[in-house]
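Novice: Return a 3D structure for these sequence lines:
(3 chains)
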Amino acid sequence: MPENSLFFTKTLLKWNRESNTRMMPWKAEKDPYKIWLSEIILQQTRVEQGMAYYQRFILKYPTIRALAMANDTDVFKLWEGLGYYARCRNMLFTARFLYNNKKAVFPSRYEDILALKGIGTYTAAAIASFAFNLAYPVIDGNVTRVISRFFGVGEYVDLAIGKNIINNLAHKTIDKKSPGKYNQAIMDFGATVCKPVGPLCNQCPLSGKCLALMDNRVAQLPRKRGKIRIRDRYFHFLVIIQKDQIFIRERIARDIWQHLHEFVLIENGKLLSAKSFFSKCSNSIPTGISYSDLIYSSGEYKQQLSHQCIHARFILVKPKKEVKLDGFLTIPIGSLHRYAFPRIITKWLAENPFYSLP
DNA sequence: AAAGCGGGGTA
DNA sequence: TACCCAGCTTT
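Specialist: Take a look at the predicted model:
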């Protein structure tokens, strides 16, 4: 087994030197701030999806100080569409923490990096190895897959037992001399060769000693526990327009899309037509708004989240009586673009420009 | 240990 | 459809 582990490490480094053609803007980057940003953006996010966001962020907020000074609305606007918005919140918090308490210097010890909000074991190891060449193995989806296949780990990798085995193997196989290079190598290898589906075993340099391949279990590994169940929710967005102003508010409840914005939201057990919406939800609808104020009602918009499926209808009204709403911002329609909204709302906005509506 | 959190790509 | 992606935090 130790010789297999050495073969594994050497082969990945060799593959990285000779065959790894994957290019990313933050490769060879040494600024811990930029590495941090790239790693946060890439949590549960494909490189191709995060690339443009990274470029825009670096341009607008090139330093810890710049990010610490930014206002929340602008930063969330830049994050809009990327998902997992707690990442954005935590980055802002940590940037301000570092700026106010650490002279805007990013910590260089693994434990100190790990202690920062929004940074877990993967991200701490990535920053420690890439920026400071410390020998901490990254363990992400790629690494878990490559290791579990090559070493034939059949335990559930999302349970403590399997995690421990992967963790031990990762520590055993990391190259102590070039941990950054090695971490980069194994992730790129997992993304381009040892892929989740359709791995390129026929041209894989590890195939000679890959236990999963020998046992014909490549497609079965890594093993994971059962899947989650998805909850359906039905959102009715009441879009209220009054003298070229529109009502929006920030979502602050303990729910999805925290710190993004929305219109008046009324949730129901099922998706209602505009007409039944006004009759069935009358006690949730702000006073002074009635069916006779209806200008337009959209079809069904759907969005699949990791744990929920959102069904939404947009109902546009222009109340005849003046309405006031507590907790809402009234902003000019022309300023909508400054605020971050969930994808389902930006999609509706894009397809229904207000100038085209009656 | 399990749940919750986005959005998009791929077979 | 189902699965997964350079995961983390809270329950």
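
Novice: Look through the stretch 1-150 of chain A and state the residue closest to DNA strand C.
Specialist: Nearest residue of the stretch 1-150 of chain A to DNA strand C (Cβ to the nearest atom of the strand) works out as A:Gly120 at 2.5 Å. Any C-beta I mention is one placed from the backbone N, CA and C, and that applies to glycine too.

Novice: What residue, apart from its backbone neighbours, is nearest that residue spatially?
Specialist: Distances taken as Cβ to Cβ, 6 or more residues apart in numbering put A:Leu114 closest to A:Gly120, at 7.4 Å, once the chain neighbours are dropped.

Novice: do A:Phe314 as well
Specialist: A:Ser298 (4.1 Å).

Novice: Let's see the longest strand seen in chain A as PDB, backbone CA atoms only.
Specialist: Ordering each strand of chain A by length in residues (DSSP state E) puts strand A:231-242 first. Below are the C-alpha coordinates for strand A:231-242, written out as PDB (Å, rounded to 0.1, in the frame of the first residue of the first chain):
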ATOM      1  CA  ARG A 231     -40.100  20.800  -1.000                       C
ATOM      2  CA  ASP A 232     -42.400  22.700  -3.400                       C
ATOM      3  CA  ARG A 233     -43.300  26.300  -2.600                       C
ATOM      4  CA  TYR A 234     -45.600  28.600  -4.300                       C
ATOM      5  CA  PHE A 235     -44.700  32.300  -4.300                       C
ATOM      6  CA  HIS A 236     -47.000  35.100  -5.400                       C
ATOM      7  CA  PHE A 237     -45.000  38.300  -6.000                       C
ATOM      8  CA  LEU A 238     -47.200  41.300  -5.800                       C
ATOM      9  CA  VAL A 239     -45.500  44.000  -7.900                       C
ATOM     10  CA  ILE A 240     -46.900  47.300  -6.800                       C
ATOM     11  CA  ILE A 241     -46.200  50.400  -8.900                       C
ATOM     12  CA  GLN A 242     -47.200  53.800  -7.800                       C
END
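
Novice: do that strand and DNA strand C meet at all?
Specialist: No: Strand A:231-242 does not reach DNA strand C (Cβ under 7 Å from any atom of the strand); its nearest approach is 11.4 Å.

Novice: partner strands of the helix or strand that that strand is followed by, parallel or antiparallel?
Specialist: Moving toward the C-terminus from strand A:231-242, the next helix or strand (DSSP states H and E) is strand A:245-250. When pairing is defined by DSSP bridges, strand A:245-250 lines up against strand A:231-242 (antiparallel), strand A:261-262 (antiparallel), strand A:329-332 (antiparallel).

Novice: and the last one, average pLDDT?
Specialist: Yep, that's strand A:329-332 we're talking about. Across strand A:329-332, the average pLDDT comes to 96.

Novice: Report the next helix or strand after that strand in sequence order.
Specialist: helix A:343-351.

Novice: what about that next one, distance to the chain center?
Specialist: 19 Å (Cα atoms, centre = their mean, to the nearest Å).

Novice: Ok, stretch A:19-38 next?
Specialist: Distance of stretch A:19-38 from its chain centroid, counting by Cα atoms, centre = their mean, is 18 Å.

Novice: Now do the contacts for the residue in the stretch 1-150 of chain A that DNA strand B sits nearest to.
Specialist: Closest contact between the stretch 1-150 of chain A and DNA strand B, by Cβ to the nearest atom of the strand, is at A:Gly83 (2.5 Å). Counting by Cβ atoms under 8 Å, 6 or more residues apart in numbering, A:Gly83 makes contact with A:Gln44, A:Thr45.
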